[in-house]
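Have a look at this prediction, sequence included:
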Amino acid sequence: MKSSTLLCLGMLLLALGGCDRGADTDAPAEASLPAQGSGAESAATTGSGEAAGETVEAGGFRSTPINPARTAQLVTQGEGSQVNLRSQPTTQSTSQGYGLGGDQITLLRLAEGEGGFSWYYVKFAQSQAEGWVRGDFVDTTRQVASTPPGTAPEISTGPCGDSNRPEAFFETKSFSIHLCQTPQGLSYIGINKTNNETLATADVRQDQGTYIAINGNYQYHISDENLAVYQVTSGSYSQLENEDVIRHERFMY
């Protein structure tokens, strides 16, 4: 009787010891799970990036293609003055050569570069040299789309997007403003040069050459001469800002 009891107790202790060893064996596998999870999370983070087709220049400047490419010419303040051809849309980048006033160029890309200025990536008609030129040295008033023979023109410039076409562009000390023609009508895109904040509204009308964009109680009046911002309260207009236009373009099709 006593030996049977001792035998049962021994078997019970062996069973409990086996269970403990089984738990120790599984512990390392469980400890490896966080490492696998963090690896997957790291891969997901690494995979994230810019949208397909988007170009980010050195220094973080974003550029968009001008499609189709358009022709323009360089302008200078003095006869014989040179316009630097830069490797990036900033005056701090390397000069790759220069052009002169009247030189014919093809506009390939557009970027908001150093100081909030518009910069164009251009190709010279005569030398075939390519590089960035600041927008105030580019005359686009007589620009023509460079479309291969037998193809229909397709307009896609700047923030207007592929399905719309630019109607006008205005630049003041603090703002870059794009007017876009969409299937639903005109849209207004204003970019603050200081903080890159963007205002977009599709409530746009024209009055004697002035575009009036409405965003709630605020109105933005832009013409070839100036930008005026108003707050409208109970029909009363309070002017908040007034800046001269330093450059403008109206696109003809």
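Okay, I see it. Treat the numbers as computed from the prediction; the structure is a model and nothing was measured.

Can you pull out the low-pLDDT segments for this protein?
Counting by pLDDT under 70, the ranges of the chain that qualify are 1-59, 141-158, 162, 252-253.

give me the beta-bridge partners of Ala213?
Legend: beta-bridge partners of Ala213 under DSSP bridges are Val204, Tyr220.

Would you confirm that it contacts Asp207?
No: here Ala213 lies out of contact with Asp207, judged by C-beta atoms under 8 Å, at a distance of 11.7 Å. Heads up, the C-betas are built off the backbone N, CA and C, glycines and all.

which of the two has more neighbours?
When neighbours are counted by other C-beta atoms under 10 Å, Ala213 comes out ahead of the other of Ala213 and Asp207, with 24 against 9.

Contact partners for Gly209?
Applying C-beta atoms under 8 Å, 6 or more residues apart in numbering, one finds that Gly209 lies in contact with 223-224.

how about 10 Å then?
When contacts are counted by C-beta atoms under 10 Å, 6 or more residues apart in numbering, Gly209 touches 223-225, 250.

These in strands, which ones?
Arg250 (DSSP state E).

I'd like the contacts of Gly209 as JSON lines, with distance to Asn192 appended.
As requested, the contacts of Gly209 are exported to JSON lines (distance: C-beta to C-beta, whole Å):
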{"residue": "Ser223", "distance to Asn192": "19"}
{"residue": "Asp224", "distance to Asn192": "21"}
{"residue": "Glu225", "distance to Asn192": "20"}
{"residue": "Arg250", "distance to Asn192": "22"}
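
And the buried ones among the contacts of Gly209, selectable in PyMOL?
This is the PyMOL syntax for the buried subset of those, where burial follows 16 or more other C-beta atoms under 10 Å:
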select buried, resi 223
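
Pick out the most distant pair among the contacts of Gly209.
The widest separation within these, taken as C-beta to C-beta, falls between Glu225 and Arg250 and amounts to 13.3 Å.

Nearest to Glu112, out of the contacts of Gly209: which one, please.
Proximity of the contacts of Gly209 to Glu112 (C-beta to C-beta) peaks at Arg250, which lies at 19.6 Å.

got a list of what the residue nearest to that closest one when sequence neighbours are not counted touches?
Using C-beta to C-beta, 6 or more residues apart in numbering and skipping the chain neighbours, the partner closest in space to Arg250 is Ala168 (4.8 Å). Counting by C-beta under 10 Å, 6+ apart, Ala168 touches 177-181, 186, 188, 211, 222, 224, 248-251.

Which members of those residues are classed as buried?
Among the contacts of Ala168, the ones that count as buried by 16+ other C-beta under 10 Å are 177-181, 186, 188, 211, 222, 248-249, 251.

Turn the residues you listed into TSV, columns for distance to Phe117.
Rendered in TSV, the data for the buried ones among the contacts of Ala168 read as follows (distance: C-beta to C-beta, whole Å):
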residue	distance to Phe117
Ile177	14
His178	15
Leu179	19
Cys180	20
Gln181	24
Leu186	25
Tyr188	20
Tyr211	22
Ile222	18
His248	14
Glu249	14
Phe251	19
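
Just these: which are in helices?
Filtering the buried ones among the contacts of Ala168 for membership in helices, criterion DSSP state H, returns an empty set.

So which residues of the stretch 1-150 of the chain form strands?
Chain-ordered strands for the stretch 1-150 of the chain, with DSSP state E, counting those that start in this stretch as the definition, fall at 55-56, 62-74, 82-86, 95-100, 104-112, 118-124, 130-134, 138-145.

can you list the ones you listed in CSV and add distance to Asn196 and mean neighbour count?
CSV is the format used below for the strands of the stretch 1-150 of the chain (distance: least, C-beta to C-beta, whole Å; neighbours: other C-beta atoms under 10 Å):
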stretch, distance to Asn196, mean neighbour count
strand 55-56, 14, 12
strand 62-74, 10, 19
strand 82-86, 21, 19
strand 95-100, 26, 15
strand 104-112, 8, 21
strand 118-124, 14, 22
strand 130-134, 18, 21
strand 138-145, 22, 16
